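> Got a predicted structure here, sequence first:
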Amino acid sequence: MRPEHDPAVIAKLQGLFAWFSGDALRDDPLYRALAAAAARNADWAALLAHAPENQRWPMLWLAAIQDRVLALAETGERPALADYYASVGPARAPDAALEGHLGEFIERHRDALAHAIATRSTQTNEVGRCVVLWPLLQRLAEATGRRRMALLDVGCSAGLLLGVDRWRYRYVDDASGATVRTSPPGRDPLAPEIACRLLAGTCTRLVTSDAAPEIVARAGVDLSPIDVDDPAAVRWLRACLWPHDGERRARFDAAIAVARTQHWPLRATSDVVAAVQAWLDEVPAGVMPVIANVWVLSYFDAPLLRRYADSLLAHVAGRGAAWICGDDPTLARTWWPDKPERGADKRPNATAWTVARPDGRGGVAWEQPATSHAHGRWMICEG
């Protein structure tokens, strides 16, 4: 039986939509309403069963719908459902008519939606995460004394995280509203500025470092990297953003514009472990390799996750590499069983940032310097 016709699969997906419409989507009323509607309608939720099993997340379903809305807008067509999307113009709030418009839209575009869900993957490429990645690179430079770095982004999508030293950052004390730090000065006047709230008076030491990492080589690997010169591919990435968040969309567009001038090397791979090994072999002598992945490992099955983590930890201990991972706080215990409990890990949309670096004795030194919102809106630091 095909998954989209299997009642057990569909019931499981409805439950996932119901969960997703809660805390995971509290920041976007439209997506919360759409996910809740899918949870109530088996026929709508069943669309997600067209995806490979490890991609059956509501965000893929939501992205497919928004991508179709955006594609129609490019032709001048505006279905009734588009009236709720701020990504295509002034938007009305979710109301009693929304569910009917959603049903009409799905009925009319079912084949196109099923195709997108079957062939695409959620590749958010959220540059807001760099607001945490940059101070972690500074912290690595301070802790190791190695300023020259090579950066590999695993699950790179369009490679926007590779511009971490180009974007501008503004760190704001959440209690007072005062700007704590702006960093770095920025190489491009068109580069987006990313703001982050520092919660509970934390993080001052982390974000006020004067360390200046020099990224001398950078690359990205992905199952299917996105070409920033492909308008349809970039539209898909835009569809992976939440439609209400105009600030997020504006910084994405600005980052894409910069990336089009840089053409950072992105490589397609079906074996991420082998790709990391091949990249390490290319890192110049005297340069510290840094492998970063952010909200990627949740899509790995258990055997691949174990193989990936074991491989990276061997590279940290044996080759002097560093591994920066931002992902689900619970998942982090898969590769760091002794990860301490953090109160911030239980916040909605929390991302645990774990760092593994050489301990100087042939082993691995672990730390979790920060927990942040999944898109970098807020950050809490430890230690």
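On my side now, so go ahead.
> tally of neighbours for D6?
For D6, the count of nearby residues is 14 (other CB atoms under 10 Å). Heads up, the C-betas are built off the backbone N, CA and C, glycines and all.
> ok, the nearest residue to it once chain neighbours are set aside - contacts?
Ranked by CB to CB, 6 or more residues apart in numbering and with sequence neighbours excluded, the top spatial neighbour of D6 is A49, at 7.2 Å. Residues counted as contacts of A49 (CB atoms under 8 Å, 6 or more residues apart in numbering) are 2-4, 6, 9-10, 13, 56.
> Look up how far E74 lies from A49.
Summarising the geometry, the distance separating A49 from E74, computed by CB to CB, to the nearest Å, is 28 Å.
> same check, this time on A118
A118 is 22 Å from E74, where distance means CB to CB.
> More neighbours: the two, which one.
Counting neighbours by other CB under 10 Å for A118 and for E74 shows that A118 has the greater number, 16 against 11.
> Tell me which residues touch the more buried one, please.
Contacts of A118 were listed using CB under 8 Å, 6+ apart, and they are 50-51.
> Residues touching the helix-or-strand element of the chain with minimal mean pLDDT, excluding its own?
Lowest on mean pLDDT, DSSP states H and E among the helices and strands of the chain sits helix 204-207, with a mean of 80. Outside helix 204-207, the residues within contact range by CB under 8 Å, 6+ apart are 135, 139, 169, 171, 180-181, 183, 198, 369-370, 381.
> buried set for that helix?
Residues of helix 204-207 classed as buried: 206-207 (neighbour count, 16 or more other CB atoms under 10 Å).
> Now find how far off-centre it is within its chain.
Relative to the mean C-alpha coordinate of its chain, helix 204-207 is positioned 23 Å out (CA atoms, centre = their mean, to the nearest Å).
> So Q262 versus D281, what's the distance?
When Q262 is compared with D281 (using CB to CB), they lie 24 Å apart.
> ditto for G89
For G89, the distance to D281 under the criterion CB to CB works out to 50 Å.
> Kindly report the same for A322.
Separation of A322 from D281 (CB to CB): 17 Å.
> who's more crowded, those two?
A322 (26 against 8).
> Extract the C-alpha trace of the host helix or strand of A143 and format it as CSV.
Taking DSSP states H and E as the criterion, A143 maps to helix 130-144. Coordinates of the C-alpha atoms in helix 130-144 are reproduced here as CSV (Å, rounded to 0.1, in the frame of the first residue of the first chain):
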residue,chain,number,x,y,z
CYS,A,130,25.0,33.1,12.1
VAL,A,131,24.3,35.5,15.0
VAL,A,132,25.3,32.6,17.3
LEU,A,133,27.8,30.9,14.9
TRP,A,134,30.0,34.0,14.7
PRO,A,135,30.7,34.4,18.4
LEU,A,136,31.3,30.6,18.7
LEU,A,137,34.0,30.9,16.0
GLN,A,138,35.5,33.8,18.0
ARG,A,139,35.4,31.6,21.1
LEU,A,140,37.2,28.8,19.3
ALA,A,141,39.9,31.2,18.1
GLU,A,142,40.4,32.3,21.7
ALA,A,143,40.4,28.8,23.2
THR,A,144,42.7,27.3,20.7
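> what's whichever helix or strand comes after it in contact with?
Toward the C-terminal end, the helix or strand that comes next after helix 130-144 (DSSP H and E) is strand 148-154. With CB under 8 Å, 6+ apart as the contact definition, strand 148-154 has outside contacts at 137, 140-141, 159, 161-162, 164, 213-222, 272, 275-276, 279, 283-284, 286-293, 296.
> Next, the buried residues of the helix or strand containing A232.
When secondary structure is defined by DSSP H and E, A232 falls within helix 231-239. By neighbour count, and taking 16+ other CB under 10 Å as the criterion, the buried residues in helix 231-239 are 233-239.
> Likewise for stretch 270-280?
By neighbour count, and taking 16+ other CB under 10 Å as the criterion, the buried residues in stretch 270-280 are 272-273, 275-276, 279.
> cool, stretch 210-227 as well?
Residues of stretch 210-227 classed as buried: 213, 215, 217-222, 225-226 (neighbour count, 16+ other CB under 10 Å).
> quick check, nearest of the residues you listed to P303?
P303 has its nearest neighbour among the buried residues of stretch 210-227 in V221, at 18.8 Å by CB to CB.
> Checking the closest one next. Helix, strand or coil?
The three-state assignment at V221 reads strand, by DSSP: H, G, I helix; E, B strand; the rest coil.
> cool, C325 as well?
When the rule is three-state DSSP, C325 gets the label strand.
> Please name the bridge partners of it.
In this structure, C325 has the following beta-bridge partners (DSSP bridges): N293, T354.
> Can you name the residues that contact it?
292-294, 297, 332, 335, 353-356.
> any idea how this structure splits into domains?
Domain segmentation of the chain under automatic domain parsing yields 3-119, 127-381.
> doesn't L47 make contact with R110?
Yes. Counting by CB atoms under 8 Å, a contact exists between R110 and L47, whose distance comes to 7.2 Å.
> Neighbour count for the two, which is higher?
Neighbours per residue, other CB under 10 Å: of R110 and L47, the larger number sits with L47, 23 against 13.
> Does the more buried one belong to a helix, a strand or coil?
helix.
> what sits against it?
4, 61, 64, 106, 110, 113-114, 117.
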